[in-house]
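1. Got a predicted structure plus its sequence, pasted below:
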Amino acid sequence: MSLLFVVFFSSNASAQEMWGVANSNYAGQMGIGLNPASIVGAPYKWELHILSFDASVMNNYMYLKRNSRLIRNSFTGETVSEDKTPDRYTKTDKWAYSSVFLKYPAFIWNSKKFSLAFNTSTRLGLSANKVPYHLAKFIKEGFEYDPQQQLFFSGNGTSLVLINWQEFAFTGGMVLRNESDWYVSAAATLKYNYGFNSFFVNINDMVYNSAADSLLIVQNLDMEYGHASANDGETSTGSILKKRGKGWGLNYGMEFVRNRNDNFYNPCSKTTDKPYDYKIGISIIDLGYIDFNTEARTFSFDNASTDWFGIDTVKFDGIGKTDSVLGKQFYGVFMGARDKREFTLYTPAAISAQFDYPLGYNFYANLSVIQRIPLGKYAIKRANQIALTPRYETKRWEVSLPVSFYEQFKPRVGIGFRYGVFTLGSDMISPLVGLTDSYGVDLYLGISIKNWGNCGGQKRSRKPNTEKCKVPNRS
């Protein structure tokens, strides 16, 4: 239980879907994770993705007060004062989600009927769910929080999962139907998952009482946890990025386009006509697993109890020391709770639906939904989301203003820009502008080069090449 205190607090203290760019017709590798079919029939010949980055954290407990001057303090080196980061102390369960990825050079190739892509990225995902409010309060204040002392608290179903892994992905897609009324495409991404580090904890049941600053009474604890990570003191890149597990993953998506306008996808055309009446996408994302069997350990506490005197002086210096302290306290011997030497964790699976509607003159409105797929307590749980994103989109530049609901909690307002090869945005700008309280942070950026075919993106001579740039007469 104390291990959960340490991990959950650290996840909240630190800094996904990139709604501002993911549904763009020009998203490329920055949208392939939401629906792999989005690259099929795209209005470019190929894309060379140089680099992209996304970092996001969201919770319903700790928050940054409005007008906290986060940007100014960042430039001046000042820290945000503690009174600017209060907690939402209500009796509802608490949750936290965090996601970070770094995608390296990648490629997309398009023909009229087929599309291929590959990418590799380093990812980190974390989810904490059903954390009781009293446990969250002790995480923040410590056991010396007087209003909660000398009271028995209980909880069950609490879970926390963290995975850091490398992902190697290959995507193949094709056009299934190309008629005047419907254009249907499908694509699948097969992923090889190379596991670096991981941690999980599941509290099935607990009853405890912080009787005093120095005494924790655990009446019952039914818990299991495990980890596969670098040993205490090993901080080299080789130890942190060591292979400790492997597995596979799959993304699959389809798109249904009503009355697709081929002229829009012609690189020589400058039409402002709508590219389609509407577009519907459905996808299954991050359906996968990683088996950790190197430097992996699991620990089990079955209806354990203890009177922990001196809890306020115990120091959890590293994961190995924590294992020993917990085993000694609950079972009387070091490593008394040790169970297995391998475990399997699941990646944050979800099903998604997207609806894109062109308003005309390069304006669009998009409605997208993500619903997590429950794969059990040994999985990173993806946050449920719904996003409404208006955008203005051209080949050269784009701006979007996504409004998203995260776990049906509070609306988030973001902004995204694309100009030339550069993309920059955030699905949550409140920490930057300081107009509202902020329960998280989000930032993404990308660099990619697109080839538009024979005409788009190339310097044209003073005498136009009428043979290459002749647009068919559709009258």
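-> Right, received. Where do you want to start?
2. which residues touch the residue nearest to G247 when sequence neighbours are not counted?
-> Nearest non-adjacent residue to G247, counting by C-beta to C-beta, 6 or more residues apart in numbering: I290, 3.9 Å away. For every residue, glycine as well, the C-beta is placed using N, CA and C. Taking C-beta atoms under 8 Å, 6 or more residues apart in numbering, we find I290 in contact with I163, W165, N193, G195, S198, G245, K246, G247, T344, L345, Y346, T347.
3. rerun that using 7 Å as the cut-off
-> I163, W165, N193, G195, G245, K246, G247, L345 (C-beta atoms under 7 Å, 6 or more residues apart in numbering).
4. Tell me which stretches of the stretch 1-150 of the chain form helices.
-> Per DSSP state H, counting those that start in this stretch, the stretch 1-150 of the chain carries helices over the ranges 2-13, 70-76, 133-141.
5. What are the contacting residues of the last one?
-> Pointing back at helix 133-141 there. Contacts for helix 133-141 (C-beta under 7 Å, 6+ apart): 5, 8-9, 61, 87, 89-94, 145, 148, 153, 155, 210.
6. Can you point out the buried residues in stretch 245-255?
-> Across stretch 245-255, burial judged by 16 or more other C-beta atoms under 10 Å covers G245, K246, G247, G249, L250, N251, Y252, G253, M254, E255.
7. try stretch 81-93
-> For stretch 81-93, a neighbour-count test (16+ other C-beta under 10 Å) marks K84, T85, D87, D93 as buried.
8. Serialize those to TSV and add fields for pLDDT and distance to L401.
-> Formatted as TSV, these follow (pLDDT from 0 to 100; distance: C-beta to C-beta, whole Å):
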residue	pLDDT	distance to L401
K84	83	27
T85	87	27
D87	93	30
D93	96	32
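9. okay, those residues in a markdown table with distance to T423 next?
-> Below are those laid out as a markdown table (distance: C-beta to C-beta, whole Å):
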| residue | distance to T423 |
| --- | --- |
| K84 | 31 |
| T85 | 30 |
| D87 | 34 |
| D93 | 36 |
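10. pretty sure T158 contacts A96?
-> No: in this structure, T158 is not within contact of A96 by C-beta atoms under 7 Å, at 11.8 Å.
11. To which secondary structure element type does M335 belong?
-> The local conformation at M335, judged by DSSP: H, G, I helix; E, B strand; the rest coil, is coil.
12. Please give me every residue in contact with it.
-> Taking C-beta under 7 Å, 6+ apart, one finds D323, S324, G327 in contact with M335.
13. circling back: if we only consider the contacts of helix 133-141, which is nearest to D317?
-> Among those, F5 lies closest to D317 (C-beta to C-beta), at 14.7 Å.
14. thinking again about what came up before, please, a PyMOL command that selects the buried ones among the contacts of M335?
-> Burial among the contacts of M335 is assessed by 16+ other C-beta under 10 Å; the matching PyMOL selection reads:
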select buried, resi 323+327
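15. Tabulate the contacts of M335 (CSV), appending distance to S438 and secondary structure.
-> Listed next are the contacts of M335 as CSV, based on distance: C-beta to C-beta, whole Å; DSSP: H, G, I helix; E, B strand; the rest coil:
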residue, distance to S438, secondary structure
D323, 36, helix
S324, 39, helix
G327, 40, helix
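16. quick one: the residue nearest to G247 from W165, how far?
-> Separation of I290 from W165 (C-beta to C-beta, to the nearest Å) stands at 6 Å.
17. How about N231?
-> Remark: distance between N231 and W165 (C-beta to C-beta) = 19 Å.
18. and the two? which has more neighbours close in?
-> More neighbours surround W165 than the other of N231 and W165, with 27 against 10 (other C-beta atoms under 10 Å).
19. about what we covered before: now intersect the contacts of I290 with the strands, please.
-> Among those, the members falling in strands (DSSP state E) are I163, W165, N193, G195, G245, K246, G247, L345.
20. Out of the residues you listed, flag the one nearest to G446.
-> Using C-beta to C-beta, W165 comes nearest to G446 of the ones in strands among the contacts of I290, at 20.7 Å.
21. so the closest one sits right up against N193, yeah?
-> Yes: shown here, W165 and N193 form a contact pair, counting by C-beta under 7 Å, at 5.3 Å.
22. so which helix or strand takes in the residue lying closest to Y192 once chain neighbours are set aside?
-> Distances taken as C-beta to C-beta, 6+ apart put F168 closest to Y192, at 4.5 Å, once the chain neighbours are dropped. Assessed by DSSP states H and E, F168 sits inside strand 158-178.
23. State the paired neighbours of that strand in the sheet, together with their directions.
-> Applying DSSP bridges, strand 158-178 is found paired with strand 114-131 (antiparallel), strand 182-212 (antiparallel).
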